[in-house]
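>>> Would you be able to build a 3D model of this:
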Amino acid sequence: MNIAIFTNNYLPNPYGVARSIETFRYEFEKQGHSVFIFAPRLKGYQDKNPNVFRYPSLDINIKFRFPLAIPYFQKMDKIIEKLDLDIIHAQHPNLLGIAARKWSKRKKIPLIFTWHTLYDKYTNFVPFIPARISAGYIIKKAVKFANEADMVITPTNSIIPILKKWGVRNKNITPIATGVLKKEFDNSDGDKIRKKYKIKKDDIVLITVSRLTPEKNVEFILQSVKDILKRDDIKLMIVGGGYLTPELKYFCKQAKIKNEVIFCGEIERKEIKNYYASGDIFVYGSKSETQGMTVTEAMYMGLPIVAVKATGINNLVLNDSNGFLMRENKQAFAQAVEKLIADKNLRQKFGKTSQKNIQDQFTSEVCAQKMLAIYEKAIKTKK
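Numbers count the residues shown, from 1 in each chain. Predicted coordinates for the structure are as follows:
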């Protein structure tokens, strides 16, 4: 099968959509399929994969660096025209989503669309436009795109009712998560990270892996556990970067917990397994997820979870089974964390359940097979 993936967000961006594409690409190619990726050009970055093609882009860097693709490029049209494609998979409804839709019509092949994002939670990424206006515009465009696609993929079940409420009428909606790529998590070394940050062997490490932007709700985590962190044997490790970093560090200083909170910044992908392995409890405050890939990874690494009950996350965390799903209440969240700190056996029990659930349902092989089945169904239906 020859698969074309069109995305506005790709390497070297370290976040969810890019990781999702790379995970599926790896599994598809391992099974003998060909994958062609179309993404915006990022100045200074060179692809090693010859099947990645870059559209011209505007290199935007306001709160963060993010290239905006220009979806009209004659040279790219000639490249795509020559490719014998079986299916086109759009990761976004706008920009290169426009190109994806154009080529699915021109080649008369199926268009698959993954709805990755709850767009109303990400208006802080659209500068200069009031949040309500930008959210309404983006959702309207995404709904129209979804209704025109042959099939729609959602990372988890829990966002399907939201899409229907927004106006998605497409009857072909299937939840398929991004699976954990097992090879990325082999031979982890948590002691390496503890030594790096001078964390004692018996200290309890709370860990969160997150972009430090408003929709990820990291400040809620800090507010919830600040009193817990005043104990000598508890640390909080924050892995990830973002424009809220200075503000969050200032909060820690004011709360007198700056020595107990470790800001690790953005790290190389090959090192992420070691950070998870150094932790004892994974804490997560985001309310904007369609899946929560870092939660999936933490579970694969055998960590118990304490998270805010929200879309995406509630398909992964089973309350009182592999963690605690809490309402967005600082006291309740802190109590759940304290319960796991106090009970090592409970931490281990929840951690084992986390790992088993991911190995059974959310590995990259399992999820790739589900996606390929959707592709094959769409191709047969289109003929």
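
>>> From residue 379, how far off is residue 246?
50 Å (C-beta to C-beta, to the nearest Å). In this view, the C-beta of every residue, glycine as well, is placed from N, C-alpha and C.

>>> okay, those two: which has more neighbours?
residue 379 (15 against 9; other C-beta atoms under 10 Å).

>>> quick one: that one from residue 2, how far?
11 Å.

>>> what does residue 283 give?
42 Å.

>>> More neighbours: which of those two?
Higher neighbour count among residue 283 and residue 2: residue 283, with 30 against 13, using other C-beta under 10 Å.

>>> Three-state assignment for the more buried one, please.
Secondary structure, DSSP: H, G, I helix; E, B strand; the rest coil: residue 283 is strand.

>>> ok, it touching residue 225?
Yes. With contact defined as C-beta atoms under 8 Å, residue 283 counts as touching residue 225 (7.0 Å).

>>> Mind listing the shared neighbours of these two?
Common neighbours of residue 283 and residue 225, using C-beta atoms under 8 Å, 6 or more residues apart in numbering, are 206, 236, 337.

>>> now those residues in a markdown table, with secondary structure?
Listed next are those as a markdown table, based on three-state DSSP:
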| residue | secondary structure |
| --- | --- |
| 206 | strand |
| 236 | strand |
| 337 | helix |
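
>>> Take those residues and lay them out in CSV including neighbour count, distance to residue 349 and pLDDT.
Compiled in CSV, these are given as follows (neighbours: other C-beta atoms under 10 Å; distance: C-beta to C-beta, whole Å; pLDDT from 0 to 100):
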residue, neighbour count, distance to residue 349, pLDDT
206, 24, 18, 98
236, 25, 23, 98
337, 24, 16, 98
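
>>> now, which of those residues sits nearest residue 295?
Among these, residue 206 lies closest to residue 295 (C-beta to C-beta), at 14.1 Å.

>>> quick one: which helix or strand includes residue 46?
If you go by DSSP states H and E, residue 46 is not part of any helix or strand.

>>> what about it, distance to residue 52?
In terms of C-beta to C-beta, residue 46 sits 10 Å off from residue 52.

>>> Looking at these two, which has the bigger crowd around it?
Neighbour totals were compared for residue 46 and residue 52, and residue 52 leads with 17 against 8 (other C-beta under 10 Å).
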